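Asker: prediction below, plus the sequence it came from.
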Amino acid sequence: GQQVMQIPQYQHVQEGEDFTTYCNSSTTLSNIQWYKQRPGGHPVFLIQLVKSGEVKKQKRLTFQFGEAKKNSSLHITATQTTDVGTYFCAVDQGAQKLVFGQGTRLTINP
Amino acid sequence: DGGITQSPKYLFRKEGQNVTLSCEQNLNHDAMYWYRQDPGQGLRLIYYSHIVNDFQKGDIAEGYSVSREKKESFPLTVTSAQKNPTAFYLCASRRDWSSYNEQFFGPGTRLTVL
């Protein structure tokens, strides 16, 4: 089945620094979704990318889908303490179920 | 408010006992899912259901069972056959399975087996 590798597993930054997490697949993806899970909470949907080369922005968050639709990234500019949490990418497997990456846990030094 | 509820938030059970986790949604979603999350780990799919009275095994179904008798309800039973049941269990729903739309998650149940 569809597999996605997410890197890095952990990232610790100083508040104000940028942060990027990457999601990679060996096969072409139909779409990719990004979720955020705060510590002790549940995953919350952030965004979906569908088109090759697509770039979407949500305030300080920038999401990209690769030209070949095999990779994606989430970039946070000037992190704030509210950005703490684990970020997951997820891809549809045969339009029946989502396969989640292992997640990148972001911690921030205020 | 529309959403997904899971109860209880924390659950403690003795080893060898079956336990049922509740999941209810009022979003009128067709598809529902159960995931297991271990500390520092990603989400692993246990079971999923695309329609009432139908469900499919996910990647780690052994030791678990489900039912889908009503559209809004998808309870998960953790049986004594599950070797390492202590984990965080998340229920999710999706409008339908045939198009690419987002999943909504419940608040989760933390199960501890003593």
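Answerer: Noted; the coordinates are in hand. Numbering: from 1, shown residues only, chains lettered A, B, ... in the order given.
Asker: okay, CA-based contacts and neighbour counts for the rest of this
Answerer: OK.
Asker: which residue sits closest to the residue nearest the centre of chain B in space, ignoring its chain neighbours?
Answerer: Centroid check for chain B by Cα atoms, centre = their mean gives B:W34 as the closest residue, at 2.9 Å. Excluding its sequence neighbours, the residue lying closest to B:W34 (Cα to Cα, 6 or more residues apart in numbering or on different chains) is B:C91, at 4.6 Å.
Asker: list the residues that contact that neighbour.
Answerer: By Cα atoms under 8 Å, 6 or more residues apart in numbering or on different chains, the contact set of B:C91 is B:4, B:6, B:23, B:32-35, B:105-106, B:108.
Asker: take those and keep only those in strands.
Answerer: B:4, B:6, B:23, B:32-35, B:105 (DSSP state E).
Asker: what about those, which one has the most neighbours?
Answerer: B:M32 (31 neighbours; other Cα atoms under 10 Å in any protein chain shown).
Asker: for that residue, which non-adjacent residue is spatially closest?
Answerer: B:M32 sits nearest to B:S93 (Cα to Cα, 6+ apart), 4.2 Å away.
Asker: can you give me how far stretch B:13-28 is from the chain middle?
Answerer: 7 Å (Cα atoms, centre = their mean, to the nearest Å).
Asker: hmm, back to that, dump the contacts of B:C91 into a markdown table; add pLDDT as well.
Answerer: Shown next, in a markdown table, are the contacts of B:C91 (pLDDT from 0 to 100):
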| residue | pLDDT |
| --- | --- |
| B:I4 | 97 |
| B:Q6 | 97 |
| B:C23 | 97 |
| B:M32 | 96 |
| B:Y33 | 96 |
| B:W34 | 98 |
| B:Y35 | 97 |
| B:F105 | 97 |
| B:G106 | 97 |
| B:G108 | 97 |
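Asker: now distance to A:Y35 too, for those residues, in TSV please.
Answerer: Formatted as TSV, the contacts of B:C91 follow (distance: Cα to Cα, whole Å):
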residue	distance to A:Y35
B:I4	17
B:Q6	19
B:C23	20
B:M32	17
B:Y33	16
B:W34	16
B:Y35	15
B:F105	10
B:G106	14
B:G108	15
